[in-house]
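sequence and predicted structure, then a few things I'm wondering about:
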Amino acid sequence: MTLFGMPGPALGVCDDPELMLVHQHLMSLDPKGQRFARVLRDAIDQLLDGEHTGRFDWKDLHKTEKTHAGTLVELNLLREFGFTSGQDMDYLIEGIEVDCKFSQKEFGWMIPPEALDEICLVVWADDHEDRGLWSAGLIRADRQKLTVSGNITKKGNRDGKFRLTRDHHSMVTWLWRRQPLKENLLLHLDSSLRSRILAPKSGQKKVNELFRRVQRRQIDRNVVRTLAMQYDYMARVRDDKNGTRARPALREEGIIITGDSTNHRAVAKDLGGPVPEKGEFVSFRVALARPEHGDRPSAELDGCQWVAVSQDEAVDRPAPKLPPR
């Protein structure tokens, strides 16, 4: 069975009409899970708060910040999809009460007593250096298929919550299962390369080093925010009179930095990509097209044809200015 072109729910769910209705509604709102994935990436970045802390690794969060992740995901999903708040649970979807549960561990959701017998939207995201994955699904919090949590408080009391037993993991009706989480670039870079980027003391020099060292790769503006550590972090990329910001400084080295405007995206595409999406940059080292470049993709800038080149290839002049946004 398929719903809206996506895999249908697991066997054994068809006897729960309410869960099926919620499943269909969520799939109609986000058939490919793109909006859901963006909410999770943004929630993690909000917690890291790179602009003020310079952090990019989940491991650097304090315990209380990690605990707040569930509330942040719940609220951001509510805003993104325009859900109505439920009377007893977090959401009211198609007139049905739905509770939202987020876990940093797969199948680690904790179900409070008040959510027993209710439908739960269960969400997991893992933002680590060796992987970046997320899942979301629906379960009916059946008391017979849950076990009392083994967590004990400092005072020796059980926390009163329930968790899904290993034998009943299959009761989850998946919306999206182990999908790629948008790359946390700084976390996934080679450690020696990351060290070079982070070595300068000033935010401007770190941003310049990022675009110098990481070419032909989509770079989210949140990476720039984390390195710049200032309110107007985008100013670190733009042109300036002194020529110290990323675009003018790196042009002297033959490097251009394309953004998400229509004109910039066209240049990136003509150079063979990748093409920056909304809120992204891609830098290219470019040279005037010559016979030895063969049939490489080229972009016309300042009346000349330019091609993307590697660090090992010669660049005999500064890069041209990009067309206005």
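It's in.

buried set for whichever strand or helix holds residue 74?
For residue 74, the host element (DSSP states H and E) is helix 63-81. Buried positions in helix 63-81, judged by neighbour count with 16 or more other C-beta atoms under 10 Å: 65, 69, 70, 72, 73, 74, 76, 77, 78, 81. Bear in mind the C-beta positions are built from the backbone N, C-alpha and C, glycine included.

and if you look at stretch 161-174?
For stretch 161-174, by 16+ other C-beta under 10 Å, it's 162, 163, 164, 171, 172, 173, 174.

what's the spacing between that stretch and its chain's center?
The chain centre lies 26 Å from the centre of stretch 161-174; the measure is C-alpha atoms, centre = their mean, to the nearest Å.

grab the CA positions of that stretch and hand them over as PDB.
C-alpha atoms of stretch 161-174 as PDB (Å, rounded to 0.1, in the frame of the first residue of the first chain):
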ATOM      1  CA  LYS A 161       7.400   7.200  32.200                       C
ATOM      2  CA  PHE A 162       7.200   4.300  29.800                       C
ATOM      3  CA  ARG A 163       9.300   3.300  26.800                       C
ATOM      4  CA  LEU A 164       8.900   1.100  23.800                       C
ATOM      5  CA  THR A 165      10.200  -2.500  24.300                       C
ATOM      6  CA  ARG A 166      12.700  -3.900  21.900                       C
ATOM      7  CA  ASP A 167      10.200  -6.600  20.900                       C
ATOM      8  CA  HIS A 168       7.800  -3.900  19.800                       C
ATOM      9  CA  HIS A 169       9.900  -1.600  17.700                       C
ATOM     10  CA  SER A 170       7.900  -2.800  14.700                       C
ATOM     11  CA  MET A 171       4.800  -1.100  16.000                       C
ATOM     12  CA  VAL A 172       6.100   2.200  14.700                       C
ATOM     13  CA  THR A 173       4.400   3.300  11.500                       C
ATOM     14  CA  TRP A 174       7.100   5.200   9.800                       C
END
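
average pLDDT for that stretch, rounded please.
Mean pLDDT, computed over stretch 161-174, is 85.

can you check stretch 216-228 too?
Stretch 216-228 comes out at a mean pLDDT of 95.

what comes into contact with that stretch?
The contact list for stretch 216-228, computed with C-beta atoms under 8 Å, 6 or more residues apart in numbering, reads 45, 48, 50-51, 54-56, 182-183, 185-186, 197-198, 203-204, 206-207, 210-211, 233-234, 236-237, 273-274, 276-277, 279-284, 308.

among the buried residues of stretch 161-174, which lie within strands?
162, 163, 164, 173, 174 (DSSP state E).

list just the nearest of those residues to residue 90.
Nearest to residue 90, judged by C-beta to C-beta, of those is residue 162 at 17.0 Å.

so that closest one touches residue 147, yeah?
Yes: using C-beta atoms under 8 Å, residue 162 is in contact with residue 147, at 6.6 Å.

show me where the stretch 101-250 of the chain has its helices.
185-188, 191-198, 203-213, 221-228, 246-251 (DSSP state H, counting those that start in this stretch).

most tightly surrounded among these?
Per-stretch averages of neighbours, counted by mean count of other C-beta atoms under 10 Å, single out helix 221-228 among the helices of the stretch 101-250 of the chain, with a mean of 24.

packing partners of the helix holding residue 74?
Applying 3 or more C-beta pairs under 8 Å, 6 or more residues apart in numbering; DSSP states H and E, one finds that helix 63-81 contacts helix 34-48, strand 96-103, strand 119-128.

what's the closest of those to residue 247?
Per C-beta to C-beta, nearest to residue 247 of these: helix 34-48, 23.8 Å.

so how far is residue 86 from the closest residue to residue 315 other than its chain neighbours?
What sits nearest to residue 315 in space, not counting adjacent residues and going by C-beta to C-beta, 6 or more residues apart in numbering, is residue 254, at 3.5 Å. Going from residue 254 to residue 86 by C-beta to C-beta, to the nearest Å gives 57 Å.

can you check residue 51 too?
From residue 51 to residue 86 the distance is 33 Å (C-beta to C-beta).

try residue 107
24 Å.

got it, and residue 197?
45 Å.

ok, now residue 290?
65 Å.

of those two, who's got more company?
When residue 290 and residue 86 are compared on other C-beta atoms under 10 Å, the one with more neighbours turns out to be residue 86, at 16 against 12.

and the more buried one, its phi and psi?
phi -80, psi 170 (degrees, to the nearest 10).

next one: residue 308
phi -80, psi 140.

now do the one 10 residues further on
For residue 318, the backbone dihedrals (degrees, to the nearest 10) come out as phi -60, psi 160.
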